[in-house]
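[1] Dropping a prediction and its sequence here:
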Amino acid sequence: MEKNISDTTSFLVPEPPAIMGMDLAQVRLVHGNNFGTSGYSLMNLMPDVVKSNTLAMLTWQRECENAEIDPSQLLIQGIEFLKLGNQDYNSFRHLFWRYDAEWFIYLGGVLLKLKDLVKKSGLVWGAWAEINLPFIKKRTRERMMNLARRKDCHRYMILGSERLDVLCSATKGLEGDDPIGAFMLNHGIQFDPTQEFDLDEFKTSVDVALNKDRLLKNGIEVDIEKIKALTVTGRSLDQSLIQKMKDIKESGGDLNIYLDKIAMTGGGDSDEVDGKRLQDFNTLSNRLILTIDYLIKDHEDEIDKLDKETFVKLVKQLAKLQKFTSFNEQVTAAA
């Protein structure tokens, strides 16, 4: 039976990042270590940092009901309240993204220490983690550890863990001590945290640069403004969209017109047809078959890296799909 070193090993773990100046150690002292797995209890303990100028806002709202007060003055005051509130909202929104990345990196550091201890104990990390760390999914653990390792991403925590994860993947393998810094420089993205700057514009610039690189890696080159327009719509640059762009390019079509059409529809694709999902299924299935052959024939040592939950879900869904097909005999014979 595998030894559970979490029961026998004692080591110091640094305090996690502070939240709004809250003393988390004091919170644990009062409420115990498990004061809310979901975080709901912690949220109830958070200081009220929003709704500044509450008294002035209430006064303004009451005056809005007074028919004797000039509405033009109330409109001016209301716009000012909204402007200041929106600025505060944006500040806190970006702050929470920073907390997201900061905690991801902190937890990744703890995971790396645990992995080292597991190795020193002569145990296998993957199997040990599955038994002892079921509260964090495998893919999440890997992302946490990756961000903790990538010191070059730490100064960009304002981007949040998800965007940092994509940025680390896009710059993986680049030479030098600061691959992300080189990526920013290559795309002309300025980052100076000592100066006031538009964080939304900065994040958009990073997303545009990531999309541009991905398109170039797929042999697609279009005007940067078209890429920006596509990015702003929030449309994901997934493999399906990239493949369609490849098809348009190879058939002599105008990619700029196609991207303009997507931008005009807010990220939608007016040319999509009902058979797209079927085409995606067939394409992805063939790729999966090749991947399975790759793992079985030449890389058996990588099989234990497969996500268990995803694998089980895939098998179940394929079994469900098989019931609706007309070629069950062929499937049984193949098995």
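    Yes, it's here.
[2] What is the neighbour count of residue 98?
    Residue 98 has 17 neighbours, counted by other Cβ atoms under 10 Å. Every residue, glycine included, has its C-beta placed from N, CA and C.
[3] so which helix or strand takes in residue 197?
    Using DSSP states H and E, residue 197 sits within no helix or strand.
[4] Touching stretch 59-77 from outside, list them.
    Contacts with stretch 59-77, where a contact means Cβ atoms under 8 Å, 6 or more residues apart in numbering, come from 78, 81.
[5] and it, average pLDDT?
    Averaging pLDDT along stretch 59-77 yields 88.
[6] End to end on that stretch, go ahead and measure it.
    11 Å (Cα to Cα, to the nearest Å).
[7] same question, stretch 111-129
    Note: stretch 111-129 ends 9 Å apart using Cα to Cα.
[8] So for it, mean pLDDT?
    So the average pLDDT for stretch 111-129 ends up being 95.
[9] Enumerate the positions of it that are buried.
    111, 114-115, 117-118, 123, 125, 128-129 (16 or more other Cβ atoms under 10 Å).
[10] In strands only, show me those.
    Using DSSP state E to define strands, no part of the buried residues of stretch 111-129 is located there.
[11] right, and out of the residues you listed, which lies closest to residue 231?
    Of all these, residue 111 has the smallest distance to residue 231: 31.9 Å, by Cβ to Cβ.
[12] for the chain, which spans come out with low pLDDT?
    Low-confidence segments of the chain, defined by pLDDT under 70: 1-53, 267-280, 327-335.
[13] Just want the most central residue of it.
    For the chain, the residue nearest the mean C-alpha position is residue 162 (2.3 Å; Cα atoms, centre = their mean).
[14] before we move on, back to that, from the buried residues of stretch 111-129, which is closest to residue 235?
    residue 111 (33.4 Å).
[15] Now for the closest one: which residues touch it?
    133, 141, 144-145, 148.
[16] Return the distance of it relative to residue 54.
    42 Å (Cβ to Cβ, to the nearest Å).
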